[in-house]
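J.: turn this into a structure:
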Amino acid sequence: MHMLGVVEPLLLNYPLCNNCLGRMFSRLGGSMSNYERGAILKGYLLIEAELRLLEEGDAELLTALCRSGFERACEVAGKHGLRIGVEKCPVCGGLFARIGEVGERAVEMLRGYEFESFHVGSTIPGWMAEAEDRIRSEFSLSYGESLKTELNREIGKYIAARVGARVEFRRPDIVVHYDAINDTVSVEVRPVYIYGRYLKFLRGLRQTRIVEAPCEGEECIDEEGRLLFEGVSVEALLAPMFYRPHGGSEAILHAAGREDIDVRMLGTGRPFVMEVREPRRRRVDLEALKKSINGRFRGLVAVRMLRYVGPEVVRKINVYSSIHEKRYILRVRVDGGISEEEVRRVERALTGRTVKQRTPRRVLWRRVDKVRSKRVYRVRGFKTGPDTAMFDITCQGGLYIKELATGDEGRTRPSISQILGKSVEVLSLDVVAVAPDLEEKLFGANP
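T.: As a prediction, this is how the structure comes out:
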């Protein structure tokens, strides 16, 4: 096509601003902005327009250029005694003339947030997209980009110049959204994710918060570090210790599996990711944070191996929780007593065995009722009294150890109770290792 042969009738019919005209040909002419592209096209037509006015007395093209807001055309018209009014762009409605205003509102909203990257999104009225599509179809234009693409880019360029952050599309720290329908600016702050392992030293401490948690953080303990309320959880204790230094609104605990309220988490600790929402700071001294948590909640919980990670780690630890290796220390009482030979019999019967386990009755309210197959890798037993024993059990994640002891009325087979032919009572259970090689799988090496 002949470029100026298309641009002239385009402007005669539609007083497009520089941005909207240039955007119709945005894939042509290299790296210049659409505003520059539009101004160049209008500049060539301006010479032709003044020639027509001088030689033919024809002011139609000059009038069209003035109506589109081309300032140099209005200067030429004024020189010849013509006063021509500027009309609102039929595609953007003057939106691109307000980029600085919109960008400055976004900059104000971003004050107080720590971020290195951002992205801009927008919502535009339907009539803008329809007008753009109609003009492109009418003039068979196929070298442009969308209004939203340019709008997002131009707002992003303004913000980047003002705050010194980079535009990033894949995983920005903050998303700025401009709603051109309601003329509002909002920001969405991406969460911060911190990986670590937690230890729980006290029985009676939940893993996650109940709906109406009675407290959080230091509110849950007295001056001696004792719990002040029933129903306190690891999450309730730890969450404010993570979100407060980040200036966040809340924190959510994502753990690799869970232990019962009466079970301790010892040894190397349970992998977790703490999701801090709406953080104003994206980086804090995690070593200092660890020391603060471990000192304040001594005897209750502790954390280790803290590091910043991406959101994908939440999904990965959830996947690994059902397959990775776990180790437990189980203490039981056997009705009628237990001998050394019976301890050995349990070791031989369970080591290397696949256990068929129907969902335990005690968790049917939150788990699907089905049969799961889980592997027991190793069992070592120790007689601790006439009717008591301790078993060191290493198994696949997702195996319910209490039911491995009691049999759960035949829902778990084999079980210690079935092997011995006796009723078995669980005295205590401790988790001492969860996925010992998880860090190597996630990060390539143990931190």
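J.: so which strand or helix has residue 252?
T.: Using DSSP states H and E, residue 252 sits in strand 250-255.
J.: measure the closest residue to residue 309 other than its chain neighbours to residue 275 for me?
T.: Spatial nearest neighbour of residue 309, chain neighbours left out: residue 195 (4.5 Å); criterion: C-beta to C-beta, 6 or more residues apart in numbering. Yep, even glycine has a C-beta here, placed from its N, CA and C like the rest. Distance from residue 195 to residue 275, counting by C-beta to C-beta, to the nearest Å: 11 Å.
J.: same question, residue 182
T.: 30 Å.
J.: so which of those two has more stuff around it?
T.: Each of residue 182 and residue 275 has its neighbours counted (other C-beta atoms under 10 Å); residue 275 has more, 20 against 8.
J.: show me what contacts the closest residue to residue 441 other than its chain neighbours?
T.: Of all residues not flanking residue 441 in the chain, residue 320 sits nearest, at 7.1 Å (C-beta to C-beta, 6+ apart). Contact partners of residue 320, counting by C-beta atoms under 8 Å, 6 or more residues apart in numbering, are 256, 271, 397, 435, 438, 441.
J.: how about low-confidence regions in the stretch 101-250 of the chain?
T.: 211 (pLDDT under 70).
J.: so which residues of it form strands?
T.: 117-123, 166-167, 174-179, 184-189, 192-200, 250-255 (DSSP state E, counting those that start in this stretch).
J.: format the ones you listed as CSV; extra columns: mean neighbour count and distance to residue 159.
T.: Formatted as CSV, these follow (neighbours: other C-beta atoms under 10 Å; distance: least, C-beta to C-beta, whole Å):
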stretch, mean neighbour count, distance to residue 159
strand 117-123, 19, 7
strand 166-167, 15, 8
strand 174-179, 20, 7
strand 184-189, 16, 10
strand 192-200, 22, 21
strand 250-255, 19, 27
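J.: which among these is found nearest to residue 264?
T.: Proximity to residue 264 (C-beta to C-beta) singles out strand 192-200 among the strands of the stretch 101-250 of the chain, at 5.7 Å.
J.: by contact count, what packs against the closest one?
T.: Secondary-structure packing of strand 192-200 (3 or more C-beta pairs under 8 Å, 6 or more residues apart in numbering; DSSP states H and E): helix 234-243, strand 264-277, strand 301-309, helix 312-321.
J.: residue 104: neighbour count?
T.: 14.
J.: quick one, what contacts it?
T.: Neighbours of residue 104 in contact, by C-beta under 8 Å, 6+ apart: 158, 162.
J.: ok so, going back, right, so of the strands of the stretch 101-250 of the chain, which gets closest to residue 345?
T.: Among those, the nearest to residue 345 by C-beta to C-beta is strand 192-200 (32.4 Å).
J.: list the buried residues of the helix or strand residue 379 falls within.
T.: Assigned by DSSP H and E, residue 379 belongs to strand 371-385. By 16 or more other C-beta atoms under 10 Å, the buried positions in strand 371-385 come out as 372, 374-376, 379, 381, 383.
J.: how far does that strand sit from its chain's centre?
T.: 38 Å (C-alpha atoms, centre = their mean, to the nearest Å).
J.: can you name the next helix or strand after it?
T.: Next along from strand 371-385, by DSSP H and E: strand 388-396.
J.: what's the single longest helix in this protein?
T.: Assignment by DSSP state H gives helix 34-56 as the longest helix of the chain.
J.: quick one on the thing from earlier: switch the helices and strands packed on strand 192-200 over to TSV; also include distance to residue 250.
T.: Converted to TSV, these look like this (distance: least, C-beta to C-beta, whole Å):
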stretch	distance to residue 250
helix 234-243	6
strand 264-277	5
strand 301-309	18
helix 312-321	16
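J.: just these: most buried one?
T.: Mean neighbour count (mean count of other C-beta atoms under 10 Å) peaks for helix 234-243 among those, with a mean of 24.
J.: residues touching it, excluding its own?
T.: Residues from elsewhere that reach helix 234-243, judged by C-beta under 8 Å, 6+ apart: 194, 198, 200, 205-209, 213, 215-218, 220-221, 248-253, 274, 276-277, 279, 289, 292-293, 296-297, 300-301, 303.
J.: ditto for stretch 337-357
T.: So stretch 337-357 is contacted by 334, 371-383, 386-389, 391, 393, 399-400, 403-404, 411-416, 419-420, 422 (C-beta under 8 Å, 6+ apart).
J.: residue 191 touches residue 275, doesn't it?
T.: Yes. The pair residue 191 and residue 275 qualifies as a contact (C-beta atoms under 8 Å) at a distance of 4.9 Å.
J.: now do the shared contacts for the two.
T.: residue 311.
J.: figure out the helix or strand that residue 5 lives in.
T.: helix 3-13.
J.: and the contacts of that helix?
T.: Applying C-beta under 8 Å, 6+ apart, the contact partners of helix 3-13 are 16, 21, 24-25, 41-42, 44-45, 48, 60-61, 64-65, 68, 135, 139, 141.
J.: which among those residues count as buried?
T.: Looks like the contacts of helix 3-13 have 16, 21, 24-25, 41-42, 45, 61, 64-65, 68, 135, 139, 141 buried, using 16+ other C-beta under 10 Å.
J.: let's see which of those residues end up in helices.
T.: Filtering the buried ones among the contacts of helix 3-13 for helices - DSSP H - leaves 21, 41-42, 45, 61, 64-65, 135, 139.
J.: a markdown table please, covering those and showing distance to residue 148.
T.: Converted to a markdown table, those look like this (distance: C-beta to C-beta, whole Å):
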| residue | distance to residue 148 |
| --- | --- |
| 21 | 17 |
| 41 | 22 |
| 42 | 23 |
| 45 | 27 |
| 61 | 31 |
| 64 | 27 |
| 65 | 27 |
| 135 | 16 |
| 139 | 20 |
